[in-house]
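Peer 1: Just need the structure, nothing else, for what follows:
(3 chains)
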Amino acid sequence: MQACGIITLTTDFGLEDEYVGLLKGVMLCREPKLRLVDLCHALPPGDIAAAARLLRASWLFFPPGTVHLAVVDPGVGGSRKILALTVGEQFFVGPDNGIFSPWFNNTPPPQVRRVANTRLFLPRISATFHGRDIMAPVAAALAGGLPLAETGPALAPEECVRLALSQAQRVKDCLCGIIVARDHFGNLLSDICHEELAELAGDTNALLQVEVAGSAPLRLVRCYDEASVGETIALVGSRGVLEIAVNRSNAARSLGVDVGAAVTVRRRAPSPSR
Amino acid sequence: MQACGIITLTTDFGLEDEYVGLLKGVMLCREPKLRLVDLCHALPPGDIAAAARLLRASWLFFPPGTVHLAVVDPGVGGSRKILALTVGEQFFVGPDNGIFSPWFNNTPPPQVRRVANTRLFLPRISATFHGRDIMAPVAAALAGGLPLAETGPALAPEECVRLALSQAQRVKDCLCGIIVARDHFGNLLSDICHEELAELAGDTNALLQVEVAGSAPLRLVRCYDEASVGETIALVGSRGVLEIAVNRSNAARSLGVDVGAAVTVRRRAPSPSR
Amino acid sequence: MQACGIITLTTDFGLEDEYVGLLKGVMLCREPKLRLVDLCHALPPGDIAAAARLLRASWLFFPPGTVHLAVVDPGVGGSRKILALTVGEQFFVGPDNGIFSPWFNNTPPPQVRRVANTRLFLPRISATFHGRDIMAPVAAALAGGLPLAETGPALAPEECVRLALSQAQRVKDCLCGIIVARDHFGNLLSDICHEELAELAGDTNALLQVEVAGSAPLRLVRCYDEASVGETIALVGSRGVLEIAVNRSNAARSLGVDVGAAVTVRRRAPSPSR
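Peer 2: Here you go, the predicted structure:
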C-alpha cells in the first residue's frame, strides 16, 4: 500500500490552545510536503467512543493512502500502548484504548503494529503529550512512505483494547437504540443504522413509527425539507444512521433531549387491505 | 479563465462534527493537490444572507481562479437547484437559494450553470448532505480545470433565486441602516457602506453624528486607537461598512445591542462661520 | 537563512468571521504555494502576553525557515510600528506591542526590521486591519524568499516595545507563581517552569508540595494517569511548566480557580533518616 501524503487529525484538544498546531508543526518538520486535514478537534474530552464513531463515519471519504491520526488519549504517560495500523488502503495512528475498535473484526483483519521505534519519536518525550512527541512524527513518517512494519512489532487485533460501541437491538417488530451524538445543528444521531432500518421496514417505510425519549410518534422522512418548519422528524442522515431533527431548528434544544436518550422504531401491523 | 487550485469553504456546519472534514476528504479524492482554505464555518444555521454578505466581503482577497464553495443549504434534498458560476475571474458553487445574490446584477453578468452532470457526483447521493455528495466534488473538478460548461446547462441570472440584502436608505441628511452582524470582538457591523457615508459627509466627517439603537451621538473615528479606553465609537471597519465598537471592549455586550438594531448617521448643519 | 514556505497564524480573531480566511487569501495571492498552519485564533481579545507565551511554547516545533505571523493588535491604525524579525532560523511578523518580547534578550540578538516597504502592502490600507493589509503580505513575501532587510530599516531590539511576562519568584525553599492560562481541558498552567522546579527539588520530587489558591497540598505526579480519577494533581505539562489538573476532569471548573490565582511550590525539610 502506498501513502498519499494526506493526514487527517481527530482529537479532543479543542482549538483554544497551541496543541493542534504543534501536531502540525511536528509533522511538517518530518515531511514538509504533507497535506493536513482537520477532521474534528471538538470531541468531548476523553470520549473514545465518540472518536471511534466519528472516524468510522469518515475514513472512506478520504483517498487511499491517507493516514488518520487520532489522539483522544486520557491514559497518556501510563501503560497503554500506541498503535499504527492499516485497514484496507488506509493507515491509522493513535493510542491503544479502543479508538480503533470499529476495525478489529474486519475481514481481512487490519495489520497492527505496536509503535516502538524510538528513532521516529521526538528527541524529548513529555509524559503528557504523546500525540505531539510520538504519534505525530510516526504518522508523518507513514504518510511519507515508511513501511508500517518499521513502526514496531506486530500485534494481533485480539491483543488490542476493544470498546463495545452501543448498537441498536432488534426486538420483534421493534428497533431499540439510543442517541449517541448531538451535532452542531442540534440534530440527534442514534445508533440505529440504515441497514437495520431497511430490514425492519421491508418494502415500505410507511409502517414505521419513531419515538425518542417517549415522544409522540414521529414521521420518518427523506430530508429536512419534507417537513414543515418546526416539525420534529426522523430521517436517515448523512452518517447513514437514524437521526431526530426539527426542521430549521435545533432538536436537542427544542426537545430537551440529549445523548443517552432512548430511540425506538416500531413496525405497525399493516391495516387490512381494502 | 484558469482555475488556480484553491478552494475556499464557507458553511454553517460549525467545527464540532466531521462535516467540514468530509468536504475536504471528498475534494482531495478528486484532486489531491488542491489547497483548501476555511473562510468561515460559523454562519448562523441556515442564514443565507449572512453567508452572502461574508462572501461579498471576502472573495476579492483571493487569487484569480479561486473556487468558492458555499454550503448554507437548509433546503437540501428538496427541489432547490445547485449552481456553479463564474464572476470575473472566480468560481462559486452552492445551492440556488440566494447565497450568490450579490453577483447576479453584475456587468458583465455572471456565467451560471445548473449543476446536473451526475458523473461528477459521488456514486451514492444522500438526501441530507449535498455539500459532500454533489457540491464538493463539483468544486474540486472546477478547481482542477474542468470547464464550467461541463457542470450542467446554462441558466440566466434572472432564473436564480435572489435574496434582497438589507441596504441603508438615504433620507435627506440622514442614512438609516441596521446592524447586520456582530463579530468575534463584539463589534457591530451595519449595512451602511463607506461610499454612502462619504457621499453624505461631503468634504468633512466632522459634521456626521452616528446613533445606534437610540444611543447618544457617537464620534466617528478612523481607528479604535483614536478613542479612549471604553469609549463607544463609530468607524469604517475592514469590511468597508460603518461599525459600532467600544475601544478595547465588546460593544455588543456593553451596549446590549445586537443584529437588527437601527443605526442612523445624521449630517448636522454647519455652524455659521465665525 | 532560507524560508521554507510555511507560515503559522496566531491571532485573537476567533473563527466566527472571515478575518482569518482573509489573511490566508492575501498570502496565497502573493505566494500560491505557501503552506499555512493555524497555531491559535482563540487568544483573549487584545491579550498580548498570552500570545507571547503561546508563541514561545510553540515556535521550536516548526521547521527552520518558518514564518510566524502574530496578529494581536489592539493598537492598529495608531502609532505602533510593525516588526519583522528573525530569531535563530525562524521569522516573525507582527505589531510592535511586546508580542515578541520573549526573544529580545536572546544571544545572539534577533535581527529586527521596522516594516516600511509599502510596495509589499496591499494597494489599499484600511485603518483597522493591518493584519490583512500589511502583515499578511509581508509574511508571505518573507516565506517566499524575500530577504528580511527588504521589509524596512533595521531596529535595535532595545527600540522595541517590551512586555514583562510574569515569572515565578524563588523565596528560600519556595517557588511563588501564578496561573497564567487555562487550557481546553481546564488544566491550569502556571508560570513556574520545569527548570526552576528541578532546581528547587534537588535530587527528588518527593519533598515538594504544591498549593493553588490556598488549596490543600497537591501531589506532584508525572502524568494524569498516575492520579486516581477526580484527584487534583500538579505536574509538568507539555509546555514545560507546572500545571494543576484534575484527572479525567476540568480543574478550572471543579476547583473554581482561574488565571491570576497564586501557585506555591514548597520544599519540605527531609524527615530525619531512619
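Peer 1: Who are the contact partners of A:Leu69?
Peer 2: A:Ile7, A:Thr8, A:Leu9, A:Thr10, A:Leu23, A:Phe92, A:Val93, A:Gly94, A:Gly131, A:Met135, A:Ala136, A:Ala139 (CB atoms under 8 Å, 6 or more residues apart in numbering or on different chains). Where C-beta positions appear, they are placed from N, C-alpha and C, glycine not excepted.
Peer 1: who in chain A is up against chain B?
Peer 2: Proximity of chain A to chain B, by CB under 8 Å from any CB of the partner chain, involves residues A:4-6, A:8, A:15, A:35, A:37-42, A:54, A:57-58, A:61-63, A:66, A:183-185, A:222-226, A:235-238, A:248, A:250.
Peer 1: can you list the domains in chain A?
Peer 2: Residue ranges for the domains of chain A, per automatic domain parsing: A:6-159, A:169-267.
Peer 1: Adding distance to B:Pro272 and mean pLDDT, write these out as JSON lines.
Peer 2: Listed next are those as JSON lines, based on distance: least, CB to CB, whole Å; pLDDT from 0 to 100:
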{"stretch": "domain A:6-159", "distance to B:Pro272": "57", "mean pLDDT": "97"}
{"stretch": "domain A:169-267", "distance to B:Pro272": "57", "mean pLDDT": "94"}
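Peer 1: between the ones you listed, which one is nearest to C:Pro110?
Peer 2: Each of these has some distance to C:Pro110 by CB to CB; the shortest is domain A:6-159, at 19.8 Å.
Peer 1: Quick check: A:Pro110 touching A:Ser101?
Peer 2: No - between A:Pro110 and A:Ser101 there is no contact under CB atoms under 8 Å: 10.9 Å.
Peer 1: picking that back up, buried members of the residues of chain A next to chain B into PyMOL, please.
Peer 2: In PyMOL, selecting the buried portion of those, with burial taken from 16 or more other CB atoms under 10 Å in any protein chain shown, looks like this:
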select buried, chain A and resi 4+5+6+8+15+35+37+38+39+40+41+42+54+57+58+61+62+63+66+183+184+185+222+223+224+225+226+235+236+237+238+248+250
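Peer 1: OK, contacts around the residue of the stretch 51-200 of chain A found nearest chain C?
Peer 2: Closest approach between the stretch 51-200 of chain A and chain C, counting by CB to the nearest CB: A:Gly77, at 2.6 Å. Applying CB under 8 Å, 6+ apart to A:Gly77 gives the contacts A:Ala127, A:Thr128, A:His130, C:Arg222, C:Cys223, C:Tyr224, C:Asp225, C:Glu226.
Peer 1: Outside of the helix or strand that contains A:Ala252 itself, list whatever touches it.
Peer 2: Following DSSP states H and E, one finds A:Ala252 within helix A:251-255. By CB under 8 Å, 6+ apart, the residues outside helix A:251-255 that reach it are A:182, A:186-188, A:212-213, A:215, A:232, A:244-246, A:257-258.
Peer 1: hmm, back to that, put together CSV for the contacts of A:Leu69, with distance to B:Gly152 and secondary structure on each row.
Peer 2: Formatted as CSV, these follow (distance: CB to CB, whole Å; DSSP: H, G, I helix; E, B strand; the rest coil):
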residue, distance to B:Gly152, secondary structure
A:Ile7, 34, strand
A:Thr8, 31, strand
A:Leu9, 35, strand
A:Thr10, 35, strand
A:Leu23, 40, helix
A:Phe92, 38, strand
A:Val93, 41, strand
A:Gly94, 41, strand
A:Gly131, 44, helix
A:Met135, 44, helix
A:Ala136, 42, helix
A:Ala139, 39, helix
